[in-house]
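**Student:** sharing a model that was predicted from the sequence below.
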Amino acid sequence: MKKSKNIIFVLITLFFCNVTIQAQASNEDTETITGVFDGFDGEHFTFNYTNEEDEEDVILFTKVKSEVLKKFNLKGEKFIGKTFNITFITETETEIDEDGDEQEYTVRIIIDLELLD
């Protein structure tokens, strides 16, 4: 009897942990900018945009959601020079370098694109 109570407790705990994680993931802070697609270099998707100081700047995105790539093949040349509203999130990732030290870096991920022209 005690064993079944423990199993039920563990299942309920796992359920609530899963719900909490999903809620946090859906509340990620998104940003939206308008930019002109400059191309894909094999590693980054590059856009030119005007920053907060009203200066021309470049922003790189390491990842694009698969649904976005299905709508807009950014790995080809068709959309180079086109203007988009770009909605993205920024995540911090950690990797171990060759010395065994943890290195944190930020990754921008495009989650939605809207073609403007």
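**Tutor:** Noted; the coordinates are in hand. Since we're looking at a predicted model, the values are computed, not measured.
**Student:** from here on, just use CA atoms for contacts and neighbour counts.
**Tutor:** Noted.
**Student:** where does pLDDT dip in the protein?
**Tutor:** By pLDDT under 70, the weakly predicted segments of the chain are 1-28.
**Student:** now with 90?
**Tutor:** 1-28, 93-103, 105, 117 (pLDDT under 90).
**Student:** spit out the contact partners of residue 49.
**Tutor:** 33, 34, 35, 36, 56, 57, 58, 59 (Cα atoms under 8 Å, 6 or more residues apart in numbering).
**Student:** how near is residue 70 to residue 105?
**Tutor:** According to Cα to Cα, to the nearest Å, residue 70 stands 27 Å off from residue 105.
**Student:** next one: residue 87
**Tutor:** 20 Å.
**Student:** of those two, who's got more company?
**Tutor:** residue 87 (16 against 10; other Cα atoms under 10 Å).
**Student:** what's the helix or strand containing that one packed up against?
**Tutor:** Per DSSP states H and E: residue 87 is located in strand 83-96. Applying 3 or more Cα pairs under 8 Å, 6 or more residues apart in numbering; DSSP states H and E, we find strand 83-96 packed against strand 31-40, strand 102-115.
**Student:** so what does the first one touch, helix or strand wise?
**Tutor:** Helices and strands touching strand 31-40, as assessed by 3+ Cα pairs under 8 Å, 6+ apart, comprise strand 45-50, strand 83-96.
**Student:** closest one to residue 77 among the ones you listed?
**Tutor:** strand 45-50 (11.8 Å; Cα to Cα).
**Student:** which residues touch residue 93?
**Tutor:** Here residue 93 is in contact with 104, 105, 106, 107 (criterion: Cα under 8 Å, 6+ apart).
**Student:** can you tell me, leaving aside adjacent residues, what's nearest to residue 104?
**Tutor:** residue 94 (4.4 Å; Cα to Cα, 6 or more residues apart in numbering).
**Student:** which ones are touching that neighbour?
**Tutor:** 102, 103, 104, 105.
**Student:** gap between the first one and residue 93?
**Tutor:** For residue 102, the distance to residue 93 equals 10 Å [Cα to Cα].
**Student:** who does residue 47 form a beta bridge with?
**Tutor:** residue 37, residue 59 (DSSP bridges).
**Student:** am I right that residue 38 is in contact with residue 48?
**Tutor:** Yes. Assessed by Cα atoms under 8 Å, residue 38 is found in contact with residue 48 at 6.7 Å.
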